[in-house]
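S.K.: Provided below are the primary sequence and the corresponding predicted coordinates.
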Amino acid sequence: MKKIILQQAMTIVIGELRENGQWGTSHIYQSTLNAFSAFNDYHELPINSVTAPLLKRFEQYLRQRKCSWNTVSTYMKTIRAVYNRAVDRGWAKYSPRLFEHVYTGTRTDRKKALDVSDIGGLVRDTENKLLKSVLDSGLQKTEAFFVLMFMMRGLPFVDLAFMHKQDLQGNVLSYRRQKTGRYLRVTLSEEAMQLVRLMANKDENSPYLFPILHSEEGTEAAYREYQTALRSFNHQLAILGKKWGIKSISSYSARHTWATMAYYCEIHPGIISEAMGHSSITVTETYLKPFHDKKIDEANQLVISFAKNNGILKE
């Protein structure tokens, strides 16, 4: 069996991802490699020397550096993917349950959705600005894009950025999700169409619907440009969040908010899953779990109140 170093295996996989134009995934792998190298004092580690206790120490190292559980999970799943490739290629011996005692799940205990009063206020504020048909500042454009993403069934920022002019025919938007490749078709409301017309790319030579990117799609330059745009978008949302009195808001909030509002409107999770282009209903259930738990807690309080009042429901 060929002896190979874990860091070497990760570098090989990163190179393959970059050759395939998978810039986002290669970025995650590179971040994982950087974090693990720092943890291991930049010493080389044979891949067959990866053990469950070592992985547990890496998990503890990440948590001590204030990494979220979801970041821990991403790094662990990345190392697991590289390890599995190494096993398939004969670079490593298979060790069952190697990743069993480190976290590889998804935490949903952090609220990412806006309250109905908050999103309602933003929609009304944006509609008032539409009456003037002008957006005077970058912050106003960020607010308008956020509301538009909500109106487009929680459209992710990456899909907004890479949207092509040809994807919009009349008031029907047809596109493939950047993350999953699923084909989606969205009929836009008149308010959404007004926002699209106001925010649309004025450069006739650009294929993009909105003036967010300039580099050719599929290139590393386009990916880096998107990353810069996303950071700027989230930074401006944080500024707006303070202005609006919203504690936590990011590009993900539009998506989680749409899913939550749909859930409270008693739309079936299967329909929400289809509307958002999730790879499976399991992903949708991850989005909705905190709010599902809240509804269960509310039901529990109703049962207790019913019992305390001897079978009389209070309005």
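M.R.: Ah, there it is.
S.K.: For Ala238, which residues are in contact?
M.R.: Ala238 makes contact with Ile249, Ser250 under the criterion CB atoms under 8 Å, 6 or more residues apart in numbering. Yep, even glycine has a C-beta here, placed from its N, CA and C like the rest.
S.K.: er, Ser280 actually
M.R.: So Ser280 contacts Ser273 (CB under 8 Å, 6+ apart).
S.K.: what's the spacing between it and Pro269?
M.R.: 11 Å (CB to CB, to the nearest Å).
S.K.: so how far is Phe36 from the closest residue to Val50 other than its chain neighbours?
M.R.: Spatial nearest neighbour of Val50, excluding adjacent residues (CB to CB, 6 or more residues apart in numbering): Leu6 at 6.1 Å. From Leu6 over to Phe36 the distance is 7 Å, taken as CB to CB.
S.K.: Next, show the common contact partners of the two.
M.R.: Counting by CB under 8 Å, 6+ apart, the residues touching both Leu6 and Phe36 are Ile79.
S.K.: all helices in the stretch 51-200 of the chain, in order from the N-terminus.
M.R.: Assigned by DSSP state H, counting those that start in this stretch, the stretch 51-200 of the chain shows helices spanning 52-64, 69-88, 116-132, 138-151, 157-161, 190-199.
S.K.: buried sites along the longest one?
M.R.: To tie it back to what came earlier, the one meant is helix 69-88. Within helix 69-88, the residues that count as buried by 16 or more other CB atoms under 10 Å are 69, 71-80, 82-83, 85-86.
S.K.: what comes into contact with it?
M.R.: 4, 6, 9-10, 13, 28-29, 31-32, 35-36, 47, 50, 55, 58-59, 62-63, 67, 92-94, 98-99, 102-107.
S.K.: in what helix or strand does the residue nearest the centre of the chain lie?
M.R.: Most central in the chain under CA atoms, centre = their mean is Tyr252, positioned 5.6 Å from the mean C-alpha point. Using DSSP states H and E, Tyr252 falls within helix 251-264.
S.K.: helix or strand right after that helix?
M.R.: helix 269-276.
S.K.: That next one to helix 251-264, inter-axis angle?
M.R.: 140 degrees (axes from the mean of the first three to the mean of the last three CA atoms, to 10 degrees).
S.K.: Now helix 269-276: average pLDDT?
M.R.: Averaged over helix 269-276, pLDDT sits at 81.
S.K.: Buried residues of it, list them for me.
M.R.: Buried-residue list, helix 269-276, by 16+ other CB under 10 Å: Pro269, Ile272, Ser273, Ala275, Met276.
S.K.: Would you check that Asn171 makes contact with Val186?
M.R.: No. With contacts counted by CB atoms under 8 Å, Asn171 stays clear of Val186, the gap being 9.3 Å.
S.K.: returning to that earlier point: go through the helices of the stretch 51-200 of the chain and name the closest to Trp244.
M.R.: helix 116-132 (6.7 Å; CB to CB).
S.K.: How many residues are close by Ser31?
M.R.: The number of residues packed near Ser31 is 14, by other CB atoms under 10 Å.
S.K.: got a list of what it touches?
M.R.: Ser31 makes contact with Tyr75, according to CB under 8 Å, 6+ apart.
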